[in-house]
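*Asks:* return a 3D structure for these sequence lines:
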Amino acid sequence: MEEPEKPAIRIFVDADACPVKPEVYRVAERYGLKVYVVANAFMAVPRSDLIKRVIVREGPDIADDWIAERAGSSDIVITADIPLAGRCVRNGATVIGPTGKPFSEDSIGMALATRNLLTDLRSAGATTRGPPPLSRQDISRFLSALDLAVTRLKRK
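*Replies:* Below you'll find the predicted structure:
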């Protein structure tokens, strides 16, 4: 009896403000994985059969919707967007932030609550800081998290 074929692992990148695209491309090339770089404006991507640029129309959350509608249990999503991370986690996707922080069923609730609190504070006039610049340690953590995610999905 033949084993059913495993679904291919795909990587979806929420690309508009993603600082780790070069790292994603390197890992995808190493493992032979298809990458979808999703943005609402033209973005340069390397010439490769594995890397596909997806340009969606302008509008709030259009790129997020495109990713969330497609990402499933054999996929990896790279995003710093907490609501998108939540949607993808609910779909069963593996979700990693650019600093290497994985989002899971256990962590997404707190991340959403923190994001909503900061949004409320900003709308009330409070000054909040954005995220710090990406450090070498962040990039190293990201690469480790992405490699681990690929390895786990390949074992499934």
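*Asks:* tally of neighbours for Arg90?
*Replies:* Neighbours of Arg90 under the rule other Cβ atoms under 10 Å: 11. All C-beta spots, glycine's among them, are computed from the backbone N, C-alpha and C.
*Asks:* please apply the same query to Ala85.
*Replies:* 29.
*Asks:* I figured it hits Thr94, correct?
*Replies:* No: Ala85 is not in contact with Thr94 according to Cβ atoms under 8 Å; the separation is 10.6 Å.
*Asks:* which residues are in contact with each of these two?
*Replies:* Val77 (Cβ atoms under 8 Å, 6 or more residues apart in numbering).
*Asks:* nearest residue to Gly92 other than its sequence neighbours?
*Replies:* Ser73 (3.6 Å; Cβ to Cβ, 6 or more residues apart in numbering).
*Asks:* now do the SS call for the one you found.
*Replies:* Under DSSP: H, G, I helix; E, B strand; the rest coil, Ser73 falls in the coil class.
*Asks:* next SSE after the helix or strand of the chain with the lowest mean pLDDT?
*Replies:* Every helix and strand of the chain was ranked by mean pLDDT, DSSP states H and E. The lowest is helix 105-123, at a mean of 63. As assigned by DSSP states H and E, the chain's next helix or strand after helix 105-123 is helix 136-155.
*Asks:* give me the contact list for that following helix.
*Replies:* Residues contacting helix 136-155 (Cβ under 8 Å, 6+ apart): 9, 20, 23-24, 27, 31, 33, 74, 76, 78, 94, 96-102.
*Asks:* now do Asp61 against Asn91, distance only.
*Replies:* 15 Å (Cβ to Cβ, to the nearest Å).
*Asks:* for Arg53, what are its contacts?
*Replies:* Val37, Ala39, Phe42, Met43, Val45.
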